[in-house]
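In: turn this into a structure:
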Amino acid sequence: MTTTIDRPIAHTATRARAHDIWRIVRLHALKPSVFAGVPLTILGGAWAVSLIVGVILRQAGGVGDIDGMRYSWAVLSPQWYLAVVGVQVVGLTFSFALGFGATRRDFWLGSSLVFVLASAAFAVLIATLVQVEIATSGWGLGVHMFDALWYGSDWWLDFYTTFALQCLVLFIGASVTTVYMRWRIRGIVIIAFAAIALVLAAVAIVTGTASWPSVGAWFVGLSIAQVFSLILAVAAFFAVAGYVVIRRATPR
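Out: Take a look at the predicted model:
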């Protein structure tokens, strides 16, 4: 008898939890410009500038393929804005969500789901535009905005690297803001000094053991996929850290 009673209750609780998390997703979706409009505007602006540069260079010297543009960071231009989005998601909506009955756990899980979905959607867009740029020989001008840096070898690799990088910037921004919500400026200062101390300690250890050649050889030996797997692991660390901290965070 106990089993037959507990199962419906557990099922209902699971559905209720999923519904509460989805409410947070819908809350963030109320302003699509945050995750879509502004990043696409930045990306479109960078693309337009790249085309203008291509036209100018072709008129000046008749260059076919402008290979030097492969070192442009224009394809990453929206990432700097998205780091701020991670901050805004927690800083501007945390108190509002709690005021409408959301729990801290649901808020973080819902926000994390938004980060993952937004990162996946943006990764699909970038990976596809890379292939379009390659197929059109740089939009007919020989320019390289999307087919630049490490991009251009494989659609899935381009998707994976973009997804990992965007998850990283979003979760860093959000998790740092949870530290502020929990401990205010004192927490930010302590975390910053602790991070600097760890970096300096690592540099001192590597220098003291004369391990820079080994470290350099190890890093150079990593593939692009392995590098961004490490980046994704760091993003997961910040996601978990943010979850732990926000459970005790105080609304402003």
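In: can you point out the buried residues in stretch 232-248?
Out: Across stretch 232-248, burial judged by 16 or more other C-beta atoms under 10 Å covers 232, 235, 238, 239, 241, 242, 243, 245, 246. C-beta coordinates here come from the backbone N, C-alpha and C atoms, glycine included.
In: closest one of the residues you listed to residue 146?
Out: residue 232 (21.0 Å; C-beta to C-beta).
In: and the closest one, what element?
Out: Assessed by DSSP states H and E, residue 232 sits inside helix 224-246.
In: which residues touch that helix?
Out: 90, 94, 104-105, 107-109, 112, 115, 150, 153, 157, 160-161, 163-165, 167-168, 170-172, 174-175, 178-179, 181-182, 222 (C-beta atoms under 8 Å, 6 or more residues apart in numbering).
In: follow-up on the earlier one: now the buried residues of stretch 232-248 as JSON lines including distance to residue 212 and pLDDT?
Out: JSON lines is the format used below for the buried residues of stretch 232-248 (distance: C-beta to C-beta, whole Å; pLDDT from 0 to 100):
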{"residue": "232", "distance to residue 212": "26", "pLDDT": "96"}
{"residue": "235", "distance to residue 212": "27", "pLDDT": "95"}
{"residue": "238", "distance to residue 212": "27", "pLDDT": "95"}
{"residue": "239", "distance to residue 212": "31", "pLDDT": "95"}
{"residue": "241", "distance to residue 212": "29", "pLDDT": "93"}
{"residue": "242", "distance to residue 212": "33", "pLDDT": "93"}
{"residue": "243", "distance to residue 212": "36", "pLDDT": "93"}
{"residue": "245", "distance to residue 212": "34", "pLDDT": "91"}
{"residue": "246", "distance to residue 212": "38", "pLDDT": "90"}
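In: those residues into JSON lines, with extra columns for distance to residue 210?
Out: What follows is those, written out as JSON lines (distance: C-beta to C-beta, whole Å):
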{"residue": "232", "distance to residue 210": "31"}
{"residue": "235", "distance to residue 210": "32"}
{"residue": "238", "distance to residue 210": "32"}
{"residue": "239", "distance to residue 210": "36"}
{"residue": "241", "distance to residue 210": "33"}
{"residue": "242", "distance to residue 210": "37"}
{"residue": "243", "distance to residue 210": "39"}
{"residue": "245", "distance to residue 210": "38"}
{"residue": "246", "distance to residue 210": "42"}
